[in-house]
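> build me a model from this:
(2 chains)
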There are 2 protein chains.
Amino acid sequence: MTTSLSAELWPDVQPETARRLMLAGVEAFAQRGYHATTTRDIAGAAGMSPAALYVHFPSKAALLFAISRYGHEQTLALVENVVAKETDPVQRIRLIVEDFVAWHARRHTVARVVQYELQALPEQEFAVVAELRRRIERIVREVVADGVEDGVFTVGDPHTSARAVLSLGVDVARWYTERARQTPAALGKEYGELVLRMLGARTDTPAAD
Amino acid sequence: MTTSLSAELWPDVQPETARRLMLAGVEAFAQRGYHATTTRDIAGAAGMSPAALYVHFPSKAALLFAISRYGHEQTLALVENVVAKETDPVQRIRLIVEDFVAWHARRHTVARVVQYELQALPEQEFAVVAELRRRIERIVREVVADGVEDGVFTVGDPHTSARAVLSLGVDVARWYTERARQTPAALGKEYGELVLRMLGARTDTPAAD
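Numbering: from 1, shown residues only, chains lettered A, B, ... in the order given. Got it, this is the predicted structure:
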């Protein structure tokens, strides 16, 4: 739980104390679950008093929301970045999968909290995160639909395939550990190939796994 | 929480009181997580005293182990059944995915506990479940490898692709609800097509989603 890790995870969050609390929250939620964790546990793990925690986050739910919102904003940003720099649907899907999978592998502990503690969010906060999720899904669905229209993908309804594409990436957070056979980037590349085949794209090389 | 549901979920568990406790455990663990649930909560939800729970399960961990072990045994059994009745790798993978996906959709609440509370198991119990998981993975990997050898699948190393196949199925438990667009069986069929394409199998029809 070093300063540099928390700065790497949440470069936009200031001050460093808030990032330290988010990191302690991630570790506690991932290990014991949101409901079994107290603000006292989190403050203690971050070397602070509960009162110091409340300076930055008014509640345990506010801390979970910060972790969840930043996680969703980061994954939305990487999907949007790909769409901004590429126009070809095949390249777009390939790069989206590479980046999305690598994020879930590299950030697997954060990603577990982001993906598996949604139902613990209060209603209003859940709505904010759900909208970010819908935007991610919509972009992927549109890229798949564009590829179908261009004749480079051959799936019927893009809804199921877009969901499967994201599902493969999300589940990486469940099983990935530092002891995995592949680096996050290498896994992303393999999954990019697998997904293109799943969508019926002609790729030049067989999946290099 | 009816008798018939618990009998459907765990036909091999007797008496019915034990099944009722397992069902109450599934619901509590899925909603609040294992660590935030007490045996008193579970007994209460099943309309029993904590003492009555201990007649069937000596601890909360024993209850989680029963839920986890039965879940893994059921999914292993469905994979083994397919391999016993089919010999063709394409048909084997198609049917394994259909059954595995449908199980995770139909049993999504049980499956969430089975898939996401593994780390809460005590060491010895974890080892039993881990061995069941390895057997499932081994079968899928061997079927993929057989298909590669027969020239019907075109993936390099079957390890990553077998993991992706199971990963797609497991993640269904996270997102599937009764409000989903497809029935468990229909989703299984679509995923079967997507997976065959992912493995490079020539299928006659485009994925019917």
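> show me what from chain A comes close to chain B.
A:31-36, A:115-116, A:119, A:154-157, A:159-161, A:163-164, A:167-168, A:170-172, A:174-175, A:181-182, A:187, A:190-191, A:194-195, A:197-200, A:206-209 (C-beta under 8 Å from any C-beta of the partner chain). Glycine gets a C-beta too; all of them are placed from N, C-alpha and C.
> would you write a ChimeraX line that selects the buried entries of the residues you listed?
Buried members of those can be picked out in ChimeraX with the line below, counting by 16 or more other C-beta atoms under 10 Å in any protein chain shown:
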select /A:32,33,34,35,36,115,116,155,157,159,160,161,163,164,167,168,170,171,172,174,182,187,190,191,194,195,197,198,199,200,207,209
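> can you find the helix or strand in chain A with the smallest mean pLDDT?
Lowest by mean pLDDT, DSSP states H and E among the helices and strands of chain A is helix A:3-9, with a mean of 79.
> to the chain's geometric centre, what's the distance from that helix?
Counting by C-alpha atoms, centre = their mean, to the nearest Å, helix A:3-9 is centred 17 Å from the centre of its parent chain.
> again, but for stretch A:110-130
Stretch A:110-130 sits 12 Å away from the centroid of its parent chain (C-alpha atoms, centre = their mean).
> picking that back up, so of the residues of chain A next to chain B, which ones are in helices?
Counting by DSSP state H, the part of the residues of chain A next to chain B found in helices is A:31-32, A:115-116, A:159-161, A:163-164, A:167-168, A:170-172, A:174-175, A:187, A:190-191, A:194-195, A:197-198.
> nearest spatial neighbour of whatever residue of chain A ends up closest to chain B, skipping sequence neighbours?
With C-beta to the nearest C-beta, the shortest gap between chain A and chain B falls at A:G33, namely 3.0 Å. Excluding the flanking residues, the one nearest A:G33 by C-beta to C-beta, 6 or more residues apart in numbering or on different chains is B:G33, at 3.0 Å.
> shouldn't that neighbour be in contact with A:Y34?
Yes: here B:G33 lies in contact with A:Y34, judged by C-beta atoms under 8 Å, at a distance of 6.9 Å.
> torsion angles phi and psi at A:T87?
Main-chain torsions, A:T87, degrees, to the nearest 10: phi -120, psi -30.
> against A:S161, how distant is it?
20 Å (C-beta to C-beta, to the nearest Å).
> domains for chain A, by residue range?
A:3-56, A:60-198 (automatic domain parsing).
> residue ranges with poor pLDDT in chain A?
A:1-4, A:204-209 (pLDDT under 70).
> now with 90?
A:1-8, A:11-12, A:14, A:155-157, A:178, A:181, A:202-209 (pLDDT under 90).
> so A:D171 makes contact with B:R163?
No: counting by C-beta under 8 Å, A:D171 does not reach B:R163; the two are 9.4 Å apart.
> mutual contacts of the two, please.
Listed as contacting both A:D171 and B:R163 by C-beta atoms under 8 Å, 6 or more residues apart in numbering or on different chains is no residue at all.
> just list the residues touching the nearest residue to A:L5 once chain neighbours are set aside, thanks.
Nearest in space to A:L5, with sequence neighbours left out and distances taken as C-beta to C-beta, 6+ apart, is A:L23 at 6.7 Å. By C-beta under 8 Å, 6+ apart, A:L23 lies in contact with A:1, A:5-6, A:9, A:46.
> now the buried members of those residues.
Buried, going by 16+ other C-beta under 10 Å: A:6, A:9, A:46, out of these.
> ok, so of these, who is nearest A:L132?
Closest approach to A:L132 among those (C-beta to C-beta): A:L9, at 17.2 Å.
> just give the nearest non-adjacent residue to that closest one, would you?
Nearest residue to A:L9 in three dimensions, chain neighbours excluded: A:V110, at 6.2 Å (C-beta to C-beta, 6+ apart).
> same check, this time on A:R40
Nearest to A:R40 is A:P50, by C-beta to C-beta, 6+ apart, at 5.2 Å.
> for that neighbour, the count of nearby residues, please.
Number of residues near A:P50 (other C-beta atoms under 10 Å in any protein chain shown) recorded here: 13.
> over to A:E16?
12.
> that one contacts A:A7, correct?
Yes: between A:E16 and A:A7 a contact is recorded at 7.2 Å, counting by C-beta under 8 Å.
> re the thing from before, sec struct for the residue nearest to A:L5, please.
Per DSSP: H, G, I helix; E, B strand; the rest coil, the secondary structure class of A:L23 is helix.
> pick the most buried one from the domains of chain A.
With neighbours taken as mean count of other C-beta atoms under 10 Å in any protein chain shown, those reach their highest mean count in domain A:60-198, at a mean of 19.
> just the terminal-to-terminal distance for that one.
Length of domain A:60-198, first residue to last, C-alpha to C-alpha, to the nearest Å: 41 Å.
> distance from it to the middle of the chain?
Worked out by C-alpha atoms, centre = their mean, domain A:60-198 lies 6 Å from the chain centre.
> and A:L196, how far is that from B:R197?
Note on A:L196: its distance to B:R197, by C-beta to C-beta, is 10 Å.
> OK, contacts around the spatially closest residue to A:T38 that is not a sequence neighbour?
Spatial nearest neighbour of A:T38, excluding adjacent residues (C-beta to C-beta, 6+ apart): A:K60 at 7.4 Å. By C-beta under 8 Å, 6+ apart, the residues touching A:K60 are A:25, A:34, A:37-39, A:42.
> could you do A:E80 as well?
By C-beta under 8 Å, 6+ apart, the neighbours of A:E80 are A:I139.
> please identify the helix or strand for it.
Element membership of A:E80, judged by DSSP states H and E, is helix A:60-85.
> between that helix and helix A:158-175, how many degrees?
Put simply, helix A:60-85 runs at 120 degrees to helix A:158-175, going by axes from the mean of the first three to the mean of the last three C-alpha atoms, to 10 degrees.
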